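Undergrad: model the structure of this input:
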Amino acid sequence: MSLDSINRQELNQVGKKIGVLMDPIESIKVEKDTSLAMMLAAQRRGWEIYYFKRQDLFMLDGIPSASLQAATLYDDKNHWVDLQEKQDVPLAQLDCILMRLDPPFDMDYVFATYFLQRASDLGVLVLNNPAALRDINEKVFTAWFPECCPPTLITSDAERFRLFHQQHRDIIVKPLDGMGGASIFRLKPEDPNVSVVLETMTNFGNRQIMAQRYIPEITEGDKRILVVDGEPVSHALARIPAAGETRGNLAAGGRGVAVPLSDRDRQIANTIGPVLAEKGVLFAGVDVIGDWVTEINVTSPTCARELDEQCGLDIGAQFMDAIAERL
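TA: Below you'll find the model as predicted:
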């Protein structure tokens, strides 16, 4: 490739318009917010950033639109954004949209993906792919990679859970639509609360939930491996549980420590990453405890800022490189 062609490519990237659909930007934690890291990386390229919330979406005669606010970002925990007045703009006028809404993955979330799917059909690059967001449940999708996972059961049948518990004796039980460690229970051998936990979580047999064999390596951290365009980032963030906790989630008080990927981590990431990329998931978080995958996060994975800070990385820029290749 000639120097002239490289320069032309660089010129073609200037002025790209990036929309970011996320939860209220006024409420973020600057030092932890991966969406902010992405926006800062896009801004450094000279791209225009437009912020909007789910409530700003609307569709008239099949044209998906939103009330957008042009945003200027700062890496400053006291003042991180300046927003312009809202303007109603068809989403097709954007070059790329980043879908960064946090779970819960409820029907309002699904409805938002329909707007983005329509924008994608009109030629906008939407990441992660709206259809993939609907198809990939962050707990259930582990079933596509059983060789990477601990013994796992998904059912609404309490008796099946009891048999699973009797077999593995120490298990973790979690809802299929939770985040941040919410409603995760550890059921040890002879636990007196097995029945009430299962009744409550399955709504007396009417709701599917997940059980996995307890992995004692949780004391060394629940590792978040970020995968960008099918390739793992060089380090994972080991989220080490607080004293007396079995959950490593940062939202549950876990402490994040960057660690190099092990051979097993790379094997897992290289198994799952290309499948995600093929489905249009260019930014994902694979959660690993010990040698086993527990979840595959595709909605709004975090931990980029902590890894950037501890390892001198720029994961937002890596993501922007992947976007630039597609624009």
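
Undergrad: ramachandran coordinates for L282?
TA: phi -100, psi -10 (degrees, to the nearest 10).

Undergrad: and after the lowest-mean-pLDDT helix or strand in the chain, which helix or strand comes next?
TA: None of the helices or strands of the chain scores lower by mean pLDDT, DSSP states H and E than helix 3-13, at a mean of 45. Following helix 3-13 in sequence order, the next helix or strand is strand 17-22 (DSSP states H and E).

Undergrad: and that next one, what other elements does it pack with?
TA: helix 34-44, strand 48-52, strand 63-73, strand 96-100 (3 or more C-beta pairs under 8 Å, 6 or more residues apart in numbering; DSSP states H and E). Every residue, glycine included, has its C-beta placed from N, CA and C.

Undergrad: now with 7 Å, please.
TA: With contacts taken as 3 or more C-beta pairs under 7 Å, 6 or more residues apart in numbering; DSSP states H and E, strand 17-22 sits against helix 34-44, strand 48-52, strand 96-100.

Undergrad: and the angle from the helix or strand following the last one to strand 63-73?
TA: Translated: strand 96-100. The helix or strand immediately downstream of strand 96-100 is helix 107-121, counting by DSSP H and E. Angle of helix 107-121 versus strand 63-73, following axes from the mean of the first three to the mean of the last three C-alpha atoms, to 10 degrees, is 100 degrees.

Undergrad: what does helix 107-121 contact?
TA: Residues from elsewhere that reach helix 107-121 (C-beta atoms under 7 Å, 6 or more residues apart in numbering): 21, 54, 57, 59, 64, 91-92, 97, 99, 101, 126, 130-131, 133-134.

Undergrad: report the buried members of those residues.
TA: For these, a burial check counting by 16 or more other C-beta atoms under 10 Å picks out L21, L57, P64, L91, A92, I97, M99, L101, V126, P130, L133.

Undergrad: would you confirm that the first one contacts I97?
TA: Yes: counting by C-beta atoms under 7 Å, a contact exists between L21 and I97, whose distance comes to 6.3 Å.

Undergrad: could I get the contacting residues of I240?
TA: By C-beta under 7 Å, 6+ apart, the residues touching I240 are G221, G248, G254, R255, V257.

Undergrad: since we're on L327, how many residues are nearby?
TA: Look at L327: counted by other C-beta atoms under 10 Å, it has 13 neighbours.

Undergrad: same question for D75.
TA: So D75, with other C-beta under 10 Å, has 11 neighbours.

Undergrad: again with the one 3 residues further on
TA: A total of 6 residues lie near N78 under the criterion other C-beta under 10 Å.

Undergrad: how about D287?
TA: By the criterion of other C-beta under 10 Å, D287 has 21 neighbours.

Undergrad: then the one 5 residues further on?
TA: Residue neighbour count, defined by other C-beta under 10 Å, stands at 19 for W292.

Undergrad: show the pLDDT at it.
TA: pLDDT recorded at W292 is 98.

Undergrad: helix/strand/coil for the residue nearest to it when sequence neighbours are not counted?
TA: In this structure, W292 finds its nearest non-sequential neighbour in P150, 4.4 Å apart by C-beta to C-beta, 6 or more residues apart in numbering. Following DSSP: H, G, I helix; E, B strand; the rest coil, P150 is assigned to coil.

Undergrad: any idea of the pLDDT on P150?
TA: At P150, the model reports a pLDDT of 98.

Undergrad: surely I171 touches H165?
TA: Yes: counting by C-beta under 7 Å, I171 does reach H165; the two are 5.4 Å apart.
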